[in-house]
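K.L.:
A predicted structure for the sequence below; I have some questions about it.
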Amino acid sequence: MSYSIDTIDDLEQQRFDAMTSGDAETLDALLSETLTYTHSHGGTDTKMVFLDNVRNGPVRYRVAERLDTEIRLVGETAGVAGRAKLAGSFKDLSIDRDLRYTAVWIYADVGWQFEPWQPTHIASHSRWT
């Protein structure tokens with residue numbers, strides 16, 4: 001397996017594409033068994049719950065776009081920091097998020113595995129700027 005930034009970049013794109021197409025099988029292969037998937041509202045899912053949501057709802061991703069991604073490799077760990085735009089629905093509610101996120105990939109016996117996802121919602125305006 002390759003330990004390159006391009007490899008991680010490709011895996012990140014596969015993950016985002018699988019989310020929008022509802023491809024739980026691809027996600028199952030990419031996600032670590034110990035995944036912690038944190039949502040922008042603060043709730044967290046395990047791998048099993050996240051995959052069930054992709055397969056059966058209530059979450060449907062219509063858009064999952066990566067922007068301004070920076071990837072750093074340190075041994076068998078890759079850190080990804082970036083910006084993402086996610087749009088879709090949760091039950092009957094429309095979701096439209098502009099996020100900053102941190103993600104970690106870890107090289108294991110089965111190859112690169114996606115471990116945690118931690119997003120932060122970007123407010124449309126801020127009193128800090």
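P.N.:
Done, it's in. Numbers count the residues shown, from 1 in each chain.
K.L.:
gap between residue 6 and residue 34?
P.N.:
Using CB to CB, to the nearest Å, we find residue 6 at a distance of 26 Å from residue 34. (Each C-beta comes from the backbone N, C-alpha and C, glycine too.)
K.L.:
Oops, could you answer that again for residue 93 instead?
P.N.:
Applying CB to CB, the value for residue 93 to residue 34 is 29 Å.
K.L.:
More neighbours: those two, which one.
P.N.:
A direct count of neighbours by other CB atoms under 10 Å for residue 93 and residue 34 places residue 34 higher, at 11 against 8.
K.L.:
mind checking how far the residue nearest to that one when sequence neighbours are not counted is from residue 58?
P.N.:
Sequence neighbours aside, residue 115 is the residue nearest to residue 34 in space, at 6.9 Å (criterion: CB to CB, 6 or more residues apart in numbering). To residue 58, residue 115 is 24 Å away according to CB to CB.
K.L.:
For these two, indicate the residue with more neighbours.
P.N.:
Between residue 115 and residue 58, counted using other CB under 10 Å, the more crowded position is residue 115 (19 against 11).
K.L.:
what pairs with the helix or strand where that one lies, and is each one parallel or antiparallel?
P.N.:
Residue 115 belongs to strand 111-121 when elements are defined using DSSP states H and E. Strand 111-121 has the following strand partners under DSSP bridges: strand 31-38 (parallel), strand 93-108 (antiparallel).
K.L.:
what are the bridge partners for the residue nearest the centre of the chain, then?
P.N.:
With distances taken as CA atoms, centre = their mean, the residue of the chain nearest its centroid is residue 117 (5.6 Å). Taking DSSP bridges as the rule, residue 117 bridges to residue 37, residue 103.
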